[in-house]
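Visitor: Sequence first, then the predicted structure:
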Amino acid sequence: MNNKAVLVVDDSLTVRQQVGLTLTSAGYQIVEACDGQEAVDALRAHAEVAMVLCDVTMPGMDGLEFLETIKGDAAGPPVPVVMLTTDGSPDLIARAKRAGAKGWIVKPFQPHLLLAAVRRIAGEPG
Amino acid sequence: MSPGYSVILIDPEEQTRDVLIERLRMQGYRATGFAGPVAGITAALGSPPSAVIADLWMAGISGVQLTRLLRAEPATERVPVILRGPDSPRNRFWAERAGAAAYVVKGHMGDLVRAIGRSIPPVATEDEGFFTQLQDDESTIRDRIAAYLDAALFESVLAAEVSALSTCGAFDRLFDLLTQFVSQVMSYRWLALSVNRPSHVGLHAHPAAHEQCEREARETFNLPSDIAILHIEDEDASAEPPSARPLVRPIEFGREIIAHIALCQKGSGDRQDARILDVVAREMGGPLRMALLVEETQRAATTDPLTGIMNRRALLAALDLEQSRSERHGYPLSLLMLDVDHFKPINDEHGHAMGDRVLAALGRLFAHQARRTDLVGRWGGEEFVVVLAGAAEPGARIAAERIRSAVEKMSVLDDKGHRVAVTVSIGIACLEVRDNVEVFIDRADRAMYQAKAAGRNRVAVSPSVLRRTGPDLEIPKEIA
């Protein structure tokens, strides 16, 4: 079993469930948030969160604003962040990369590839 | 993870792939083979390797397209691509232009291994680790390639438009043409161009907002208030207030920054704006330098270097224009020929440098005394010409007397601080109906010699029978 938690940020319940299912079956804990602000709070409340999977287009604080908020003046965010979104526009991807994101996954995602990416970032053998 | 560099190899033939992978493994590379470009690209984006090797010609997607895609994607922008193909300089050129790190002739395995060694940076790029997981299908990849090629084509058209400005020959015209086409490709509140030396500033804004825009532009460039701005005002610019700070880009020529271009976006702006401005700034150096050079050359050809006023050639050309204008509109025109009294003794006594200083001071004084419509030039040696548009004899006499007296009071000091006395003799000619420019000047010249003969430091007028009537002539109300 794995005691590492992954924070899943998405305003869609379906996506949160899909991601949750993929990762819990591999032994990860899941923490959920519906928008950027909730995600900032969840990151503060749950010290066990080792990684964030985050949507871009959300009501209120969007994913890139969330990324830039938790990055602050540092070189990158305090925990690895991977964006998970239907939008694949290079300008947005470049902005996420500059803000220190680890990667960009275009939805709909393939469960085995998502899991491989999460494992790679967690430093575990795929 | 095993140490060493990872390499993605795209080759349709399984046997070639296996041989290459084995060869690369012996060199210490972890190579992964793919049969087609789509799978190879998806893998490269999903887990960026140290290098990608692909064929120039592949089914569906060419090596050049693959290279452009990987160059443009944030995940692989620094991953070197090595293309392989037939031995052809044109292929090599095209591959390198697309951004390939190397082009090697297919079959030359030694070349390939050396190319990889040269292309891979000493620190593995995969440490950066940013990845992009796309849908693993051909249409996704094709759409992205199409978008990047479109963007590249747009940029090269834009670059060509900017380069074409190099034939403008003047800053004002260049800025006008620049705003005309930039306002077609993006909408903005204002666009400004500021040249460092000699100072030139252009600003394009909406007529209803131009004062506020000028304040914003001056603040952006940190311009002192005495620097004049060329205003272009029309509805191609927007009056919408700004919501972000203006984008500013340097314009370079050689390695020197010669100007800055600034764009104040309309509302919250467009994501493409910054990229368009980048292209414009990058291509602008040559055309801008060219326009400034042409202006400088023209100035040098028409200005007397010592005094800064018009030289003889420019004066003659301007006088020609003034004479025909006077003829057409029937307003008077007077010409003053001014000659420095006892100039040779000044030169002999104080040296040529002193003589030059006197001439320069006179040039400044004449230019200062002139009205905006007057022409002031150095005729040659110690002779000057002032052309007074719209002045008949009485007016010309007053102007000449004022100049004569100002010269008399002028104070030029020699090296020891002693005042050198300078006076001028002035001949006046007023344009007559049958005068051509040569006769006109000659009459003023003769009058000037009369002033000399009469004792110098005075004004003489060329005699005339047929004096031109001026607009100050009273026209009876019944006729008007």
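Guide: Nice, I can see it. Numbers count the residues shown, from 1 in each chain, chains lettered A, B, ... in the order given.

Visitor: Would you state the strands of chain A in chain order?
Guide: A:5-9, A:29-33, A:49-54, A:81-85, A:103-106 (DSSP state E).

Visitor: Including distance to residue B:434, could those go into JSON lines?
Guide: Every C-beta, even on glycine, is put in place using the N, C-alpha and C of the backbone. Below are the strands of chain A laid out as JSON lines (distance: least, CB to CB, whole Å):
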{"stretch": "strand A:5-9", "distance to residue B:434": "92"}
{"stretch": "strand A:29-33", "distance to residue B:434": "95"}
{"stretch": "strand A:49-54", "distance to residue B:434": "90"}
{"stretch": "strand A:81-85", "distance to residue B:434": "86"}
{"stretch": "strand A:103-106", "distance to residue B:434": "85"}
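
Visitor: Chain B is nearest to which of the ones you listed?
Guide: strand A:103-106 (4.1 Å; CB to the nearest CB).

Visitor: Strand partners (parallel or antiparallel) of that closest one?
Guide: strand A:81-85 (parallel), strand B:131-133 (parallel) (DSSP bridges).

Visitor: tell me the mean pLDDT over the longest one?
Guide: This predicted structure assigns strand A:81-85 an average pLDDT of 94.

Visitor: buried ones in that strand?
Guide: If you call a residue buried by 16 or more other CB atoms under 10 Å in any protein chain shown, then strand A:81-85 has these buried ones: A:81, A:82, A:83, A:84, A:85.

Visitor: hmm, back to that, nearest to residue B:343, out of the strands paired with strand A:103-106?
Guide: strand B:131-133 (79.7 Å; CB to CB).

Visitor: beta partners of the most centrally placed residue in chain A?
Guide: Centroid-nearest residue in chain A: residue A:53, 1.3 Å away (criterion: CA atoms, centre = their mean). Legend: beta-bridge partners of residue A:53 under DSSP bridges are residue A:8, residue A:82.

Visitor: Next, the contact list for it, please.
Guide: A:6, A:7, A:8, A:9, A:19, A:81, A:82, A:84, A:105, A:114, A:118 (CB atoms under 8 Å, 6 or more residues apart in numbering or on different chains).

Visitor: one more time with 7 Å, if that's ok
Guide: Residues in contact with residue A:53 (CB atoms under 7 Å, 6 or more residues apart in numbering or on different chains) are A:6, A:8, A:19, A:82, A:84.

Visitor: okay, now residue 58: neighbour count?
Guide: I'll assume chain A. When neighbours are defined as other CB atoms under 10 Å in any protein chain shown, residue A:58 has 23 of them.

Visitor: oops, chain B please
Guide: Counted with other CB under 10 Å, the neighbours of residue B:58 add up to 20.

Visitor: Next, see if the longest helix along chain B gets close to chain A.
Guide: In chain B, taking DSSP state H as the definition, the longest helix is helix B:271-302. Yes: counting by CB under 7 Å from any CB of the partner chain, chain A is contacted by helix B:271-302 at residue B:271.

Visitor: Give me the residues contacting the very next helix or strand once past that helix.
Guide: Going down the chain from helix B:271-302, the next helix or strand is helix B:312-329, by DSSP states H and E. Residues from elsewhere that reach helix B:312-329 (CB under 7 Å, 6+ apart): B:302, B:310, B:332-333, B:375, B:377-380, B:385, B:387, B:389, B:431, B:437, B:440.

Visitor: which residues of chain A score low on pLDDT?
Guide: Chain A contains residues with pLDDT under 70 at A:1-3, A:125-126.

Visitor: can you map out the helices along it?
Guide: All helices of chain A, identified by DSSP H, fall at A:13-24, A:36-45, A:63-71, A:90-98, A:111-121.

Visitor: Residue B:174: what's its closest spatial neighbour, skipping adjacent residues?
Guide: Computed as CB to CB, 6 or more residues apart in numbering or on different chains, the closest residue to residue B:174 that is not its neighbour in sequence is residue B:168, at 4.0 Å.

Visitor: Let me see the contact set for the one you found.
Guide: With contact set as CB under 7 Å, 6+ apart, residue B:168 has these partners: B:174, B:177, B:287, B:291.

Visitor: Name the member of these with the most neighbours.
Guide: residue B:174 (25 neighbours).

Visitor: ok, that residue - contacts?
Guide: By CB under 7 Å, 6+ apart, the residues touching residue B:174 are B:165, B:168, B:287, B:288, B:291.

Visitor: now for the residues you listed, which pair is the farthest apart?
Guide: Pairwise distances across the contacts of residue B:174 peak at 9.2 Å for B:168 and B:288 (criterion: CB to CB).

Visitor: Which parts of the strand or helix carrying residue B:151 count as buried, going by neighbours?
Guide: Element membership for residue B:151, per DSSP H and E: helix B:138-163. Residues of helix B:138-163 classed as buried by neighbour count (16+ other CB under 10 Å): B:138, B:140, B:141, B:144, B:145, B:148, B:155, B:158, B:161, B:162.

Visitor: same deal with stretch B:387-403?
Guide: Buried, per 16+ other CB under 10 Å, within stretch B:387-403: B:387-393, B:395-397, B:399-400, B:403.

Visitor: Kindly report the same for stretch B:422-430.
Guide: The neighbour-count check on stretch B:422-430 (16+ other CB under 10 Å) flags B:422, B:424, B:425, B:426, B:427, B:428, B:429, B:430 as buried.

Visitor: Could you dump the buried residues of strand A:81-85 into JSON lines with distance to residue B:80 added?
Guide: Conversion of those to JSON lines gives the following (distance: CB to CB, whole Å):
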{"residue": "A:81", "distance to residue B:80": "27"}
{"residue": "A:82", "distance to residue B:80": "25"}
{"residue": "A:83", "distance to residue B:80": "26"}
{"residue": "A:84", "distance to residue B:80": "29"}
{"residue": "A:85", "distance to residue B:80": "28"}
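
Visitor: First-to-last residue distance for stretch B:40-56?
Guide: 14 Å (CA to CA, to the nearest Å).

Visitor: And residue B:5, how close does it get to chain A?
Guide: Remark: distance between residue B:5 and chain A (CB to the nearest CB, to the nearest Å) = 17 Å.

Visitor: distance of that residue from residue B:237?
Guide: The spacing between residue B:5 and residue B:237, counted by CB to CB, to the nearest Å, is 52 Å.

Visitor: near chain B, which residues of chain A show up?
Guide: A:88, A:90-91, A:93-94, A:97, A:101-106, A:109, A:113, A:117.

Visitor: and residue 95, how many neighbours?
Guide: Looking at chain A here, since you left the chain open. Residues within reach of residue A:95, counting by other CB under 10 Å, total 18.

Visitor: right idea, wrong chain: chain B
Guide: 25.

Visitor: Restricting to C-alpha, output whichever helix or strand it is part of in CSV.
Guide: Assigned by DSSP H and E, residue B:95 falls within helix B:89-98. What follows is helix B:89-98, C-alpha atoms only, in CSV (Å, rounded to 0.1, in the frame of the first residue of the first chain):
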residue,chain,number,x,y,z
PRO,B,89,22.3,20.0,-49.8
ARG,B,90,18.7,21.2,-50.2
ASN,B,91,17.3,18.6,-47.8
ARG,B,92,20.0,19.6,-45.3
PHE,B,93,19.2,23.3,-45.7
TRP,B,94,15.5,22.6,-45.2
ALA,B,95,16.0,20.3,-42.2
GLU,B,96,18.2,22.8,-40.5
ARG,B,97,15.8,25.7,-41.2
ALA,B,98,13.0,23.6,-39.6
